[in-house]
Structures are given as structure tokens and as C-alpha cells.
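In: could you look at this predicted model? Sequence included:
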Amino acid sequence: MCRLFTFHQLVTCSMKGATTTKGSPRPSLPAAERNAIIDVIAKTFDKPSVDVEEKMRGCLRHLRLMHK
């Protein structure tokens, strides 16, 4: 993901720009690149796109918490 998105995007953006329970909503990662990554990983590892998206969302959360 670091090759398609800047470090700043990874730390400050959410997957789809959804509202948050605390504070203002974060902007979303660029949709075309986000969807391309999900599709490639899902096809490569024969996993449902929903599972890949969930895992990616968790990784973004973890990265954001590490750099608070």
C-alpha cells in the first residue's frame, strides 16, 4: 500500500471516508487505487473482497494508532 498511497494518506485517511464517533470524519483513500488493491489481493489469494477490505481497514487503524 505504501507504493500507491503516501504515508500521510495512510495515517490520516480512512478506507471510505465514513463518519467517526469522535471528531470529524477522515477523508477517504482514493477510490480507484483502493479498489484496485482490494481486487488484486482478493484474486491473488482467492479471498472475498469483503474480507480483504476488512483486513485492510484494520491495518490502517493499527498504523494510525502507532503514529498518534
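Out: The structure has been received and is ready for your questions.
In: low-confidence bits of this structure, can you list those?
Out: Within the chain, the ranges that satisfy pLDDT under 70 run 1.
In: hmm, 80 instead?
Out: By pLDDT under 80, the low-scoring segments of the chain are 1-2, 18-23.
In: tell me the centre residue of it?
Out: Nearest residue to the geometric centre of the chain (C-alpha atoms, centre = their mean): Met15, 4.0 Å.
In: now do the same for the closest residue to it other than its chain neighbours: helix, strand or coil?
Out: Of all residues not flanking Met15 in the chain, Arg57 sits nearest, at 4.8 Å (C-beta to C-beta, 6 or more residues apart in numbering). Quick note: C-beta positions are derived from backbone N, CA and C, even for glycine. Look at Arg57: counting by DSSP: H, G, I helix; E, B strand; the rest coil, its state is helix.
In: my guess is Arg57 meets Ala18, correct?
Out: No. At 9.7 Å, Arg57 does not count as touching Ala18 under the criterion of C-beta atoms under 8 Å.
In: between the two, point out the one with more neighbours.
Out: Arg57 (14 against 10; other C-beta atoms under 10 Å).
In: now do the contacts for Leu10.
Out: The contact partners of Leu10, taken as C-beta atoms under 8 Å, 6 or more residues apart in numbering, are Met1, Cys2, Leu60, Leu63, Arg64.
In: which SSE is the fourth one in?
Out: Taking DSSP states H and E as the criterion, Leu63 maps to helix 49-66.
In: buried set for that helix?
Out: For helix 49-66, burial by neighbour count (16 or more other C-beta atoms under 10 Å) applies to Val52, Glu53, Met56, Leu60.
In: in JSON lines: the residues you listed, plus distance to Phe7.
Out: Output for the buried residues of helix 49-66, formatted as JSON lines (distance: C-beta to C-beta, whole Å):
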{"residue": "Val52", "distance to Phe7": "21"}
{"residue": "Glu53", "distance to Phe7": "21"}
{"residue": "Met56", "distance to Phe7": "16"}
{"residue": "Leu60", "distance to Phe7": "12"}
